[in-house]
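Peer 1: output the structure for:
(chains A, B, C and D)
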2 protein chains.
Amino acid sequence: MTPRRPFQRVGEEARRAALIEATLDLIAEGGPQAATVRAIALRAGVTPGLIRHYFATKEDLVAAAHEVLMTGLTEASAARLGELPDDPLSRLSEFLANAVSPPVADPRSVALWAASMQLVPRDEAMRRVHEATYLGFRDRLEAMIAEALATTGRRDEDTRALAIAGNALLDGLWIEAGALPDHFREGELKSIAIKAFSRLLSLDLPEG
Amino acid sequence: MTPRRPFQRVGEEARRAALIEATLDLIAEGGPQAATVRAIALRAGVTPGLIRHYFATKEDLVAAAHEVLMTGLTEASAARLGELPDDPLSRLSEFLANAVSPPVADPRSVALWAASMQLVPRDEAMRRVHEATYLGFRDRLEAMIAEALATTGRRDEDTRALAIAGNALLDGLWIEAGALPDHFREGELKSIAIKAFSRLLSLDLPEG
DNA sequence: TCAGTAATTATGCAAGCGTATAATTAGCCT
DNA sequence: AGGCTAATTATACGCTTGCATAATTACTGA
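Peer 2: Down below sits the predicted model:
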């Protein structure tokens, strides 16, 4: 008679969070196929059966994890908005630097993003989250671009097109930073992003 | 005694190609988890055991499929290179338009790419293919950029940085074209790409 | 034409998967 | 203090997976 494993009762909220965190960790490290119920339970310090108690199905757990991830990412890039300088040019410049540097741009985030991208075409809920976060980020960028242009009195530019292009530029740099981190010198992507935006907007953005 | 399934011997080359094509189809439709050996064999019109005859492991098959996909993508954007005008500006312009339009930019390709991106950080063979194709594309772009700049005698620019930024821009547009195809008007991305490059390079690229 | 051989099918296995369900126990309420 | 209940563990089932191996058969070439 081996004794039954002792356990602690933790609040529902904390348990769900722990399970979600374990799920994200595993997906980031080993891809979706690494996030088995047994592995998740092990990582979260519980037994597999408990997952069923909080999530009707594993799919539910993964969906919940995806939502936490995405809102976390957008909040992370919004969080520092308050700390940015008031001057629109410096503000934009630091925003760009942020977007292509850790912790925003790191292999874990990119891996998680790639994993979720796969689900976007096939899962309606996922697509809505993707759409919302993509547009949210782009709109914020567009606003900053408009302010930056306004410093030199240019108010008639096609800021939508500039935001789409700028957003794409950041996305591409962000992905490569995560996928091939060793291909770029320290700070190289930061500098490239700022220089590219300077030319894209015909502005002289300051480099940190 | 049910009779054994009749079969035809097909050349090794054709079989491998069929298996790879089936693999890509399945991944594109249902993600990597849909590409089981049994499903692949079924789609390719053979029995599962045959896969082992051509690929030591399923991982090998997936890696081979990834390589076919990526070289196919770069070749698709290079294919029309021969038909492109000689004038470096028009040439670059049409190259850009190609990269963000079908068949290069379409949901299937983007879905496949996203699936493979997941494996890149964890699989040495995948990373090598990704690296090679990424650098191959970027180098081609860098060469075209250099030629375009040379038309106005500008030979001292940092073409490496411009190619990295330009490549990122194209990647980002390509991804969004595939992920959210309904968010952009017909030809909008094409126009955005050309305008953005014009400003990035301080050149006047012609729009088709 | 027919024997040899490599390509292909058929069968089976061990491991891991998600999930269902029953047994236990920690912590709260009175 | 001591029962109630929900949180947690334990066990087991049915499926699917990748892979190994044996049996067959279509083609080749002498």
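Peer 1: who in chain A is up against DNA strand C?
Peer 2: Within chain A, the positions adjacent to DNA strand C are A:3-4, A:6-9, A:35-39, A:48-49, A:51-52, A:57-59 by CB under 7 Å from any atom of the strand. Glycine gets a C-beta too; all of them are placed from N, C-alpha and C.
Peer 1: quick one: buried ones out of those?
Peer 2: Neighbour-count burial (16 or more other CB atoms under 10 Å in any protein chain shown) applied to the residues of chain A next to DNA strand C gives A:35, A:37, A:39, A:51.
Peer 1: just the ones in helices from those, please.
Peer 2: A:37, A:39, A:51 (DSSP state H).
Peer 1: can I get those in JSON lines including distance to DNA strand D and pLDDT?
Peer 2: Listed next are these as JSON lines, based on distance: CB to the nearest atom of the strand, whole Å; pLDDT from 0 to 100:
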{"residue": "A:37", "distance to DNA strand D": "9", "pLDDT": "98"}
{"residue": "A:39", "distance to DNA strand D": "14", "pLDDT": "98"}
{"residue": "A:51", "distance to DNA strand D": "8", "pLDDT": "98"}
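Peer 1: against chain B, which of these make the cut? List them.
Peer 2: Among these, none lies close to chain B by the criterion of CB under 8 Å from any CB of the partner chain.
Peer 1: closest one to residue B:174 out of these, please.
Peer 2: residue A:39 (33.7 Å; CB to CB).
Peer 1: so how far is residue A:33 from that closest one?
Peer 2: Residue A:39 sits 10 Å away from residue A:33, going by CB to CB, to the nearest Å.
Peer 1: next secondary structure element downstream of the longest helix along chain A?
Peer 2: If you go by DSSP H, chain A has its longest helix at helix A:124-150. Scanning forward in sequence from helix A:124-150 by DSSP states H and E, the next helix or strand is helix A:159-179.
Peer 1: what residues sit buried inside that next one?
Peer 2: Buried-residue list, helix A:159-179, by 16+ other CB under 10 Å: A:159, A:161-179.
Peer 1: what angle do it and helix B:124-150 make?
Peer 2: With axes from the mean of the first three to the mean of the last three CA atoms, to 10 degrees defining the directions, helix A:159-179 sits at 140 degrees from helix B:124-150.
Peer 1: next, see if helix A:159-179 gets close to chain B.
Peer 2: Yes. Against chain B, helix A:159-179 shows contacts by CB under 8 Å from any CB at A:161-162, A:164-165, A:167-173, A:175-176, A:179.
Peer 1: do the same with stretch A:137-144
Peer 2: No. Using CB under 8 Å from any CB, stretch A:137-144 stays clear of chain B, coming no nearer than 9.3 Å.
Peer 1: mind listing what's buried in that stretch?
Peer 2: A:137, A:138, A:140, A:141, A:142, A:144.
Peer 1: equivalent analysis for stretch A:74-81, please.
Peer 2: Within stretch A:74-81, the residues scored as buried using 16+ other CB under 10 Å are A:74, A:77.
Peer 1: give the rounded mean pLDDT of that stretch.
Peer 2: For stretch A:74-81, the mean per-residue pLDDT is 74.
Peer 1: closest to the centroid, which residue in chain A?
Peer 2: residue A:73 (3.6 Å; CA atoms, centre = their mean).
Peer 1: so does stretch A:93-112 get close to chain B?
Peer 2: Yes. Against chain B, stretch A:93-112 shows contacts by CB under 8 Å from any CB at A:107, A:110, A:111.
Peer 1: give me phi/psi at the first one?
Peer 2: Meaning residue A:107. Dihedral pair for residue A:107: phi -60, psi -40, per degrees, to the nearest 10.
Peer 1: please name the nearest non-neighbouring residue to it.
Peer 2: residue A:178 (4.9 Å; CB to CB, 6 or more residues apart in numbering or on different chains).
Peer 1: which residues touch that neighbour?
Peer 2: Residue A:178 is in contact with A:105, A:106, A:107, A:109, A:110, A:111, counting by CB atoms under 8 Å, 6 or more residues apart in numbering or on different chains.
Peer 1: at 6 Å what do you get?
Peer 2: A:105, A:107, A:110 (CB atoms under 6 Å, 6 or more residues apart in numbering or on different chains).
Peer 1: out of the residues you listed, who's the most crowded?
Peer 2: In terms of neighbour count, residue A:110 stands highest of these at 23 neighbours, by other CB atoms under 10 Å in any protein chain shown.
Peer 1: on the three-state scheme, it is what?
Peer 2: helix (DSSP: H, G, I helix; E, B strand; the rest coil).
Peer 1: look up the closest residue to it, ignoring the ones flanking it.
Peer 2: Nearest to residue A:110 is residue A:178, by CB to CB, 6+ apart, at 2.6 Å.
Peer 1: what of residue A:20?
Peer 2: Using CB to CB, 6+ apart, the nearest residue to residue A:20 is residue A:65, at 4.6 Å.
Peer 1: can you get me a residue count around the one you found?
Peer 2: 24.
Peer 1: for residue A:155, same thing?
Peer 2: Residue A:155, neighbours per other CB under 10 Å, totals 9.
Peer 1: ok, residue A:151 next?
Peer 2: With other CB under 10 Å as criterion, residue A:151 counts 12.
Peer 1: quick check: it vs chain B, distance?
Peer 2: Distance of residue A:151 to chain B, computed by CB to the nearest CB, to the nearest Å: 17 Å.
Peer 1: excluding sequence neighbours, find me the nearest residue to whatever residue of chain A ends up closest to DNA strand D.
Peer 2: When scored by CB to the nearest atom of the strand, chain A has residue A:49 as its residue closest to DNA strand D, at 2.5 Å. Closest residue to residue A:49 apart from its sequence neighbours, by CB to CB, 6+ apart: residue A:41 at 8.0 Å.
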